[in-house]
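**Student:** Below are the sequence and a predicted model for it; my questions follow.
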Amino acid sequence: MNVVRALVVVLALVTLASLPCVIAWLVVNADEMTERAEAAKRKLPKMRPTPQPPIEETAAELRRLSTALARAGAGARSTGLREARDRALRQASAALGIDEHLDGLEGIDLEIERVRVTGALQLAGLHIDETRREPQDRQ
């Protein structure tokens, strides 16, 4: 037990004694380390945001997909339409800064999230669902 204690004390003293040397080395080499970091940063590819379509186009796509889903019923076609509508919901949510969690959900949880996101987008002023649109008075 005393041997372990002595080793810990020696290690602590060596660490404390070398600390000023480490700090001096960092001060002397700070410029070189900064240059290396900048060179590495220049080598990284420039990240450019992917252009997003105007929100009006996304809203029109959501309306088109909602109408098509209402008419499609169940089946493989409706699965593809739902996936396309989910992509459009994600795109509209990103454009308006609305949180969505459509990825990774299944079943009823996914349906609830779709309804929540659609409602949040509508509250933000985006008209989405043609099937729920109330008829206008004709004069």
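**Tutor:** That came through, no problem.
**Student:** Export whatever helix or strand R82 lives in to PDB, keeping only CA atoms.
**Tutor:** With elements taken from DSSP states H and E, the one containing R82 is helix 76-96. What follows is helix 76-96, C-alpha atoms only, in PDB (Å, rounded to 0.1, in the frame of the first residue of the first chain):
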ATOM      1  CA  ALA A  76     -48.700   0.300 -52.300                       C
ATOM      2  CA  ARG A  77     -49.500   3.500 -54.100                       C
ATOM      3  CA  SER A  78     -50.700   5.100 -50.900                       C
ATOM      4  CA  THR A  79     -47.400   4.100 -49.100                       C
ATOM      5  CA  GLY A  80     -45.400   5.900 -51.800                       C
ATOM      6  CA  LEU A  81     -47.700   8.900 -51.500                       C
ATOM      7  CA  ARG A  82     -47.300   8.900 -47.700                       C
ATOM      8  CA  GLU A  83     -43.500   8.800 -48.000                       C
ATOM      9  CA  ALA A  84     -43.500  11.700 -50.500                       C
ATOM     10  CA  ARG A  85     -45.900  13.700 -48.200                       C
ATOM     11  CA  ASP A  86     -43.500  13.000 -45.300                       C
ATOM     12  CA  ARG A  87     -40.600  14.400 -47.300                       C
ATOM     13  CA  ALA A  88     -42.700  17.500 -48.200                       C
ATOM     14  CA  LEU A  89     -43.700  17.900 -44.500                       C
ATOM     15  CA  ARG A  90     -40.000  17.700 -43.500                       C
ATOM     16  CA  GLN A  91     -39.200  20.300 -46.100                       C
ATOM     17  CA  ALA A  92     -41.900  22.700 -45.100                       C
ATOM     18  CA  SER A  93     -41.100  22.200 -41.400                       C
ATOM     19  CA  ALA A  94     -37.400  23.100 -42.100                       C
ATOM     20  CA  ALA A  95     -38.400  26.200 -44.100                       C
ATOM     21  CA  LEU A  96     -40.700  27.500 -41.300                       C
END
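**Student:** State the mean pLDDT of it.
**Tutor:** Averaged across helix 76-96, pLDDT comes to 88.
**Student:** Retrieve the pLDDT associated with V117.
**Tutor:** So, for V117, pLDDT stands at 93.
**Student:** In three-state terms, label it for me.
**Tutor:** The three-state label given to V117 by DSSP: H, G, I helix; E, B strand; the rest coil is helix.
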